[in-house]
Structure formats: C-alpha cells, structure tokens
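Q: Coordinates for the following, if possible.
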Amino acid sequence: MLPPSTVAIADIAHTIQLAVAPVFLLAGIGSILNVLAGRLARVVDRSRQLAREFTPNDHPDHEAQVHELRLLDKRIMLANWAIFLCTASAALICAVVAGLFIADLASLGFARTMAVGFVIAMLLLISGLGLFLIEVRVALTTIRVREELLEQRTNRRSWRR
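A: Next up, the predicted model:
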C-alpha cells in the first residue's frame, strides 16, 4: 500500500489529466471569441460609417441604406448573443474544472453535477456557434454581387447555380 501523501499526489495528477481536455477546449473557445469580436467590430464600424453617410428620405440611396442598416443591426444582435453564449460556455467549463479539483480534494461526489455542467456548457457552445453560422449567412446576403453588375457569362457553367 502506498503512503497517504503518494496517494494524494496520484489523485491530484489524475484530476489534472481529467482537466486538460476542458482546458484545451477553453483555448478553442477563446479563438472563437476572438473571431466573433473581430466580426462584431467590423459590423459596428460599418454601421457607424453608414450612419455618417445617411441620406434623407427622398434620396435614391435611402432605401438601400435603411435595408443595410437593418441587416447590420441583425448581425450585431446575432454576434452579441453568440459572444454571450460562447463566453457563458467558457465560464461554465471553468467552473467544471474548478469543481473537479474541489470534489477531488474534498472527496466529494460531484460527478453527476460536473457531467451536467459540462453538457450544459456544450449546449451553450453549440448555440453560440449556431448563431455565428446565422450571422455569417446574414452577412452573405449583404455582399452578394448583383447579377447585372457581373460581366456576360461565357459558355462555361457557373458554379453559383
């Protein structure tokens, strides 16, 4: 039988091994948050620029500007919610990792609670990624090139069909 201090060190080492995967997940979520924050900053910058150039109601560009501002507003909302959900997921993963250590050190049986917390964190992350996907789709509607601006197609088949 191993001395008690050796057993405690082995238990802590095992807990650290269990916590490594969620820590890598946190690094991935951090990268996702960086992308989301960058997209949000660009959308906010574009909306501010458009607001500075905003035309009166009778101007020919007014309707297009209002349409783009509505899409930008929707993108801002989607990006904000995606950031919120991904950040909540990261915070919950941190709580799970801390809970693993506390449960191990205090010999508490929080396994089911930790598992439920991790599942909720994954659901939050999935929701945040889903909103990110929707935001990207909304962004694509604003950057499509109108067909009349494209040159006449040749006999080749278009990949856009």
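Q: Which helix runs longest in the chain?
A: In the chain, taking DSSP state H as the definition, the longest helix is helix 4-52.
Q: other SSEs contacting that helix?
A: Judged by 3 or more C-beta pairs under 8 Å, 6 or more residues apart in numbering; DSSP states H and E, helix 4-52 is in contact with helix 62-105, helix 111-143. (Each C-beta comes from the backbone N, C-alpha and C, glycine too.)
Q: out of those helices, deepest packed?
A: When these are scored by mean count of other C-beta atoms under 10 Å, the highest mean neighbour count falls to helix 62-105 (a mean of 17).
Q: follow-up on the earlier one: could you export the helices and strands packed on helix 4-52 to a markdown table, including columns for mean pLDDT?
A: Converted to a markdown table, the helices and strands packed on helix 4-52 look like this (pLDDT from 0 to 100):
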| stretch | mean pLDDT |
| --- | --- |
| helix 62-105 | 91 |
| helix 111-143 | 92 |
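Q: Tell me which of those approaches residue 25 most closely.
A: helix 62-105 (6.1 Å; C-beta to C-beta).
Q: Which elements pack onto that closest one?
A: Packing partners of helix 62-105 (3+ C-beta pairs under 8 Å, 6+ apart): helix 4-52, helix 111-143.
Q: Check which helices and strands the last one sits against.
A: What it means is helix 111-143. Where contact means 3+ C-beta pairs under 8 Å, 6+ apart, helix 111-143 is packed against helix 4-52, helix 62-105.
Q: Give me the angle between that helix and helix 4-52.
A: 20 degrees (axes from the mean of the first three to the mean of the last three C-alpha atoms, to 10 degrees).
Q: ok so, going back, dump the helices and strands packed on helix 4-52 to TSV, plus distance to residue 38.
A: Listed next are the helices and strands packed on helix 4-52 as TSV, based on distance: least, C-beta to C-beta, whole Å:
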stretch	distance to residue 38
helix 62-105	10
helix 111-143	12
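Q: Fine, thanks again, bye for now.
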